[in-house]
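Asks: need a 3D model of the following:
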Amino acid sequence: MPAAPWSQMRWIGRRYARHFAVVAAIALIAVAGLLFPPPSHAIAGRAEVSDGDTIRIGATRIRLVGIDAPELAQTCTDQSGKDWSCGAEAKAFVIGLIDRRDVACTLRGTDRYGRSLGTCTASGGDLNAAIVTAGWAVSDGGYFGEQDQARAAARGIWSGSFIAPATWRRSHGEGGNAWDWLSHFWP
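Replies: Predicted coordinates:
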């Protein structure tokens, strides 16, 4: 005996109601994350430089948000076509920029590697912005004006050619996914 048409309609309605509830919950979580971002806290002290966009203060590893520097093993090409170690140069620049000064960071969230995500200052200046302005990192959110200045002046990695750090990581087995890319915009 076939089921009554209204019982089929109820089943379809419940199925769509469940889908709607899931989509609504996901949307609510996303909006809540934007309206009520995770609380931030500050940390300050002597910083040790890991690479061009990661430092350590005490036991806290900090990934500088809004920037993406070449990886330590990454090379770039100068104007004459010669490869040079731009990842190591980026790290050396940040070491010189900090130069035994205290660094203060505002931290908000963590990345998939457990590093705290932060915006930092050294001697009162925005460390993240200074790295991009000097041409030792690309902007991956918020520092596009500084990146344009570095590119126009052919500073750092912009003095020749390079592969974007995120692309380099993917081609060397260190890649992320779309969520990693999006997470840079919502620390």
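Asks: let me see the domain layout of the chain.
Replies: Domain segmentation of the chain under automatic domain parsing yields 1-36, 41-183.
Asks: these: lowest mean pLDDT?
Replies: Mean pLDDT per stretch puts domain 1-36 lowest among the domains of the chain, at a mean of 61.
Asks: and the top strand by length along the chain, what's buried?
Replies: Secondary structure assigned by DSSP state E gives strand 41-51 as the longest strand of the chain. By 16 or more other C-beta atoms under 10 Å, the buried positions in strand 41-51 come out as Ile43, Ala47, Val49, Ser50, Asp51. C-beta coordinates here come from the backbone N, C-alpha and C atoms, glycine included.
Asks: direction included, what does it pair against?
Replies: If you go by DSSP bridges, strand 41-51 pairs up with strand 54-57 (antiparallel), strand 102-110 (antiparallel).
Asks: angle of whatever helix or strand comes next after the longest one against strand 41-51?
Replies: Per DSSP states H and E, the first helix or strand lying C-terminal to strand 102-110 is strand 116-122. Put simply, strand 116-122 runs at 90 degrees to strand 41-51, going by axes from the mean of the first three to the mean of the last three C-alpha atoms, to 10 degrees.
Asks: what is strand 116-122 packed up against?
Replies: strand 41-51, strand 60-64, strand 102-110, helix 127-133 (3 or more C-beta pairs under 8 Å, 6 or more residues apart in numbering; DSSP states H and E).
Asks: residues in contact with the longest strand of the chain?
Replies: Identification of contacts with strand 41-51 by C-beta atoms under 8 Å, 6 or more residues apart in numbering yields 55-58, 60-62, 69, 71-72, 87, 90-91, 94-95, 98, 100, 102-107, 116, 118, 120, 122.
Asks: which one of the buried residues of strand 41-51 is nearest Cys76?
Replies: The shortest gap between Cys76 and any of those belongs to Asp51, at 14.5 Å (C-beta to C-beta).
Asks: okay, and the beta partners of the closest one?
Replies: Thr54.
Asks: just the domains of the chain: most buried one?
Replies: domain 41-183 (a mean of 18; mean count of other C-beta atoms under 10 Å).
Asks: now Gly118: how far from Ala137?
Replies: Applying C-beta to C-beta, to the nearest Å, the value for Gly118 to Ala137 is 14 Å.
Asks: whoops, I mixed them up, Gln79
Replies: For Gln79 relative to Ala137 (C-beta to C-beta), the value is 20 Å.
Asks: try Thr119
Replies: For Thr119, the distance to Ala137 - C-beta to C-beta - is 13 Å.
Asks: mutual contacts of these two, please.
Replies: Common neighbours of Thr119 and Ala137 (C-beta under 8 Å, 6+ apart) are Leu64.
Asks: returning to what we had before: then the longest strand of the chain to PDB, C-alphas only?
Replies: Extracted in PDB, the C-alpha atoms of strand 41-51 (Å, rounded to 0.1, in the frame of the first residue of the first chain):
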ATOM      1  CA  HIS A  41      45.800  39.600  25.000                       C
ATOM      2  CA  ALA A  42      49.200  41.200  25.000                       C
ATOM      3  CA  ILE A  43      52.700  39.800  25.500                       C
ATOM      4  CA  ALA A  44      56.000  41.700  25.600                       C
ATOM      5  CA  GLY A  45      59.600  40.900  26.000                       C
ATOM      6  CA  ARG A  46      62.800  40.000  24.100                       C
ATOM      7  CA  ALA A  47      62.000  38.300  20.800                       C
ATOM      8  CA  GLU A  48      63.800  35.500  19.100                       C
ATOM      9  CA  VAL A  49      63.300  35.400  15.300                       C
ATOM     10  CA  SER A  50      62.300  32.100  13.700                       C
ATOM     11  CA  ASP A  51      61.900  33.400  10.200                       C
END
